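A.B. asks: Mind folding the following:
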Amino acid sequence: MAFHRAEAEKAFVAEGMTPAAARYAAKRQFGNSSAVREQSHEVVGFRMETVVQDLRFALRQMRKNPGFAVTAILILALGMGASVAVFGFVDAALLQPLPYERPNQLVAVDESTALFPRNNLSRDDFDDWKRMNRTLSSLDVYGNTGYLLRTPAGADPVPGGV
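C.D. replies: A predicted model of the protein is given here:
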């Protein structure tokens with residue numbers, strides 16, 4: 001509150017008031033400092049007695065309507081479980097970085113021939129490339145694959161990688 005009073009005082013001085021008059025006007029604008037402090041403590045404060053009262057009320061309501069209580073608890077548990085599962089998937093698939101030191105420096109290398117510009121490597125070719133590699137920090141294998149995603153319009157093919 002002192003900050004706001006000081007800013008109001010500066011604004012009043014900038015409007016042409018004397019410092020004493022500006023201080024008095026700022027105090028008048030924000031009211032009694034003790035009352036404002038008590039109000040802010042009531043709004044922000046955590047009181048144990050209200051928590052105990054709320055818990056007692058909740059237990060009384062659960063005893064009165066056990067069916068509603070069980071239904072509400074089950075719905076909350078299912079909602080939280082679904083949220084955790086979805087977040088776990090999003091975290092693993094989208095938020096976590098790739099398991100490489102510098103994922104921004106990943107490159108894809110292929111073998112090419114006249115007939116196949118992007119040819120798949122055999123295991124023997126990969127082992128040779130890995131053994132003779134002097135440029136890249138490491139080599140790993142990935143495979144392209146595809147999945148069918150069920151949508152309201154039918155099944156749509158979705159590319160993927162392993």
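
A.B. asks: Toward the C-terminus, what is the element adjacent to the helix or strand of the chain with the lowest mean pLDDT?
C.D. replies: Considering only helices and strands, the least confidently modelled element of the chain by mean pLDDT, DSSP states H and E is helix 33-44, at a mean of 73. Elements were assigned by DSSP states H and E; along the chain past helix 33-44, the next helix or strand is helix 48-64.

A.B. asks: Other residues contacting that next one?
C.D. replies: Contacts of helix 48-64 with the rest of the structure, by C-beta atoms under 8 Å, 6 or more residues apart in numbering, involve residue 69. C-betas here are computed from N, CA, C, even on glycine.

A.B. asks: Same question for it: list its buried residues.
C.D. replies: Buried positions in helix 48-64, judged by neighbour count with 16 or more other C-beta atoms under 10 Å: none.

A.B. asks: low-scoring stretches of this protein, by residue?
C.D. replies: Judged by pLDDT under 70, the chain has its weakly predicted residues at 43-46.

A.B. asks: Kindly report the domain assignment for it.
C.D. replies: In terms of domains, the chain is parsed into 1-45, 101-161 (source: automatic domain parsing).

A.B. asks: With respect to burial, which of those domains scores highest?
C.D. replies: domain 1-45 (a mean of 12; mean count of other C-beta atoms under 10 Å).

A.B. asks: what packs against the least confident helix or strand of the chain?
C.D. replies: Packed against helix 33-44, as judged by 3 or more C-beta pairs under 8 Å, 6 or more residues apart in numbering; DSSP states H and E, are no other helices or strands.

A.B. asks: so where's the longest helix in the chain?
C.D. replies: If each helix of the chain is counted by residues according to DSSP state H, the longest one is helix 66-90.

A.B. asks: Which residues does that helix contact?
C.D. replies: If you take C-beta under 8 Å, 6+ apart as the criterion, helix 66-90 is touched by 61-62.

A.B. asks: ok and it relative to helix 48-64, angle-wise?
C.D. replies: Here helix 66-90 points in a direction 110 degrees away from that of helix 48-64 (axes from the mean of the first three to the mean of the last three C-alpha atoms, to 10 degrees).

A.B. asks: quick revisit: any chance of the domains of the chain in TSV, plus distance to residue 83?
C.D. replies: Supplementary listing: those in TSV, determined by distance: least, C-beta to C-beta, whole Å:
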stretch	distance to residue 83
domain 1-45	28
domain 101-161	22
